[in-house]
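Trainee: fold the following and give me the result.
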Amino acid sequence: MAKSRLILPVIVVAQFCCTSLWFAGNAVMSDLLTTFDLDPEALGHLTSAVQFGFISGTLLFAFLSVADRFSPSKVFFVSALFGAAFNLAFLLEQNTFETLLLLRFLTGFSLAGIYPVGMKIAADYFDKGLGTSLGYLVGALVLGTAFPHLLKAFTSTQLPWKLVLISTSTLSAVGGFLIIFLVPDGPFRSPKLKKDFTSFLSVFKNPPFRAAAFGYFGHMWELYAFWAFVPVILMAFQKFHATAEIPVSLYSFLVIGAGGLACVIGGYISQTAGTKKTAATALFLSGCCCLLSPFVFFYASETILLLFLIFWGLAVVADSPLFSTLVAQNAPAENRGTALTIVNSVGFAITIFSIQLLNVLFLEITPFYLFVVLALGPAFGLWSLYKKRIPVSVKKQ
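Mentor: Numbering: from 1, shown residues only. Below you'll find the predicted structure:
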């Protein structure tokens, strides 16, 4: 067992390792299109398959209260191994578009036992300072999400694209073993001793919890659609501006990965500015980026484009651990895992609609206008947080 001061770093490293599975398919999408003779719109479908798998898994986990009734560390471990196996199966030459969709679905299903369960494990260890702890944890998720793009940046010259999938599967297995061997169940865990198949709905009866959850839903409308289409926008910019020479994979890593730093910094800022106010500020800034994006994409230089996208990458995810903190702190301790899981489930269900909407619009309009519709999410999130000035309760960090 890891010493108490090492618990958070171990959870963070494990979360990074396992969530590298999330966008592994997106990072090698051009190779998948060629190898398996897929249509261009496969990007949106395969990304949505992961989200749909995650939603299905989190709904089932929430209905059964898996993270509250069973050892979160064991749930994390088993999910990490299954996710690694499904991701690795992408290498099979017999795959078709249908089997690839199934494998991405199953990978997403496995992630349901990793991301929200990892937050549950952190909440069981850190009753105080939860916002900062979740900042590190979600930051690890962001870096894990961006990492396949960094790997892909080297595949064109040095590494075969299949190594991206092998590496991410290996990392997931390592993350699972770190948790099972070094992180036992936390001291603030309140095991659920009886079955209650309605608890995943009853938590929404609490207005402060509902306000925090709805704010998170608005944030999620924007987040994953932005991440999924960053490479698309970079390629469109390069095509529109003939003189631009953009390393798409490297820039995608920088834009998405920058958010990991924002999650950590946001956690510390929230200690003085307040969790709700900090989350709302980040949500407002990312919404402004949505509205400004066409002007930047059409008229900015490559340098301005990169700086703008990195700033957006910081703002778009900085509020994620803060909303999770508000959700966790406004849910009963015995239902905390279920509350985090169901909010994640609904939030990721929303990402399917926004990703598919961009997928459809991509075929109909100039790509530079795609991100404008994402502003609907931040607008809804801010309205939900402040429509009745609901006093979302927050423990001192």
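Trainee: the stretch 251-397 of the chain: strands as residue ranges?
Mentor: Assigned by DSSP state E, counting those that start in this stretch, the strands in the stretch 251-397 of the chain number zero.
Trainee: which stretches of it form helices?
Mentor: For the stretch 251-397 of the chain, helices defined by DSSP state H, counting those that start in this stretch occupy the ranges 275-299, 302-318, 320-329, 336-362, 376-386.
Trainee: flag every buried residue along the fourth one.
Mentor: What it means is helix 336-362. Neighbour counts over helix 336-362 (16 or more other CB atoms under 10 Å) mark 336-352, 354-359, 361-362 as buried. For the C-beta atoms, the positions are set from N, CA and C on the backbone; glycine is no exception.
Trainee: with stretch 236-248 instead?
Mentor: In stretch 236-248, counting by 16+ other CB under 10 Å, buried: 236-238, 241, 246, 248.
Trainee: which of those fall within helices?
Mentor: Judged by DSSP state H, helices contain the following of the buried residues of stretch 236-248: 236-238, 248.
Trainee: okay, Glu93 and Phe36: tell me how far apart.
Mentor: For Glu93, the distance to Phe36 (CB to CB, to the nearest Å) stands at 9 Å.
Trainee: quick check: phi and psi on Phe36?
Mentor: The phi and psi values for Phe36, taken as degrees, to the nearest 10, are phi -110, psi 10.
Trainee: quick check: it vs Asp185, distance?
Mentor: For Phe36 relative to Asp185 (CB to CB), the value is 42 Å.
Trainee: before we move on, back to that, so which of the buried residues of stretch 236-248 is the closest to Leu309?
Mentor: Set against Leu309, the nearest of these by CB to CB is Phe237 (9.6 Å).
Trainee: so what does the helix or strand in which Ser48 is found touch, helix or strand wise?
Mentor: Assigned by DSSP states H and E, Ser48 belongs to helix 42-63. Under the contact definition 3 or more CB pairs under 8 Å, 6 or more residues apart in numbering; DSSP states H and E, helix 42-63 sits against helix 24-27, helix 29-35, helix 97-111, helix 115-125, helix 207-240, helix 336-362.
Trainee: got a list of contacts for the first one?
Mentor: Yep, that's helix 24-27 we're talking about. Helix 24-27 is contacted from outside by 32, 43, 46-47, 50, 87, 90, 100, 104, 148-149, 151-152, 164-165, 168, 228, 231, 249, 252, using CB atoms under 8 Å, 6 or more residues apart in numbering.
Trainee: one more pass at 6 Å, please.
Mentor: Residues from elsewhere that reach helix 24-27, judged by CB atoms under 6 Å, 6 or more residues apart in numbering: 46, 87, 104, 148-149, 152, 164-165, 168.
Trainee: tell me where the model's unsure across the chain.
Mentor: 1-4, 127-130, 155-159, 186-202, 333-334, 388-397 (pLDDT under 70).
Trainee: next, the angle from the helix holding Ser48 to helix 115-125.
Mentor: Interaxial angle of helix 42-63 relative to helix 115-125 (axes from the mean of the first three to the mean of the last three CA atoms, to 10 degrees): 40 degrees.
Trainee: next secondary structure after helix 42-63?
Mentor: Next helix or strand after helix 42-63 toward the C-terminus (DSSP H and E): helix 66-69.
Trainee: kindly export that next one (C-alpha atoms) in CSV.
Mentor: The C-alpha coordinates for helix 66-69 follow below in CSV (Å, rounded to 0.1, in the frame of the first residue of the first chain):
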residue,chain,number,x,y,z
VAL,A,66,-21.4,-0.5,-8.3
ALA,A,67,-19.0,2.1,-7.1
ASP,A,68,-20.8,2.4,-3.7
ARG,A,69,-21.5,-1.3,-3.1
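Trainee: elements contacting it?
Mentor: For helix 66-69, the elements it packs on are helix 336-362, judged by 3 or more CB pairs under 6 Å, 6 or more residues apart in numbering; DSSP states H and E.
Trainee: reformat the buried residues of stretch 236-248 as TSV; add distance to Ser324.
Mentor: Output for these, formatted as TSV (distance: CB to CB, whole Å):
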residue	distance to Ser324
Ala236	33
Phe237	33
Gln238	35
His241	38
Ile246	33
Val248	30
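Trainee: can you pull the buried residues of the helix holding Ser48?
Mentor: Burial within helix 42-63, assessed by neighbour count using 16+ other CB under 10 Å, is assigned to 42-59, 61-63.
Trainee: contacts for it, please.
Mentor: Identification of contacts with helix 42-63 by CB under 6 Å, 6+ apart yields 25, 29, 101, 104-109, 111-112, 200, 228, 338, 341-342, 344-345, 348-349, 351-352, 355-356, 359.
Trainee: same thing with stretch 213-222?
Mentor: Outside stretch 213-222, the residues touching it (CB under 6 Å, 6+ apart) are 283, 319, 323, 327, 343, 347, 350-351, 354, 374, 377-378, 380-381, 384-385.
Trainee: ok so, going back, from the ones in helices among the buried residues of stretch 236-248, which is closest to Pro160?
Mentor: Using CB to CB, those come closest to Pro160 at Val248, 18.2 Å.
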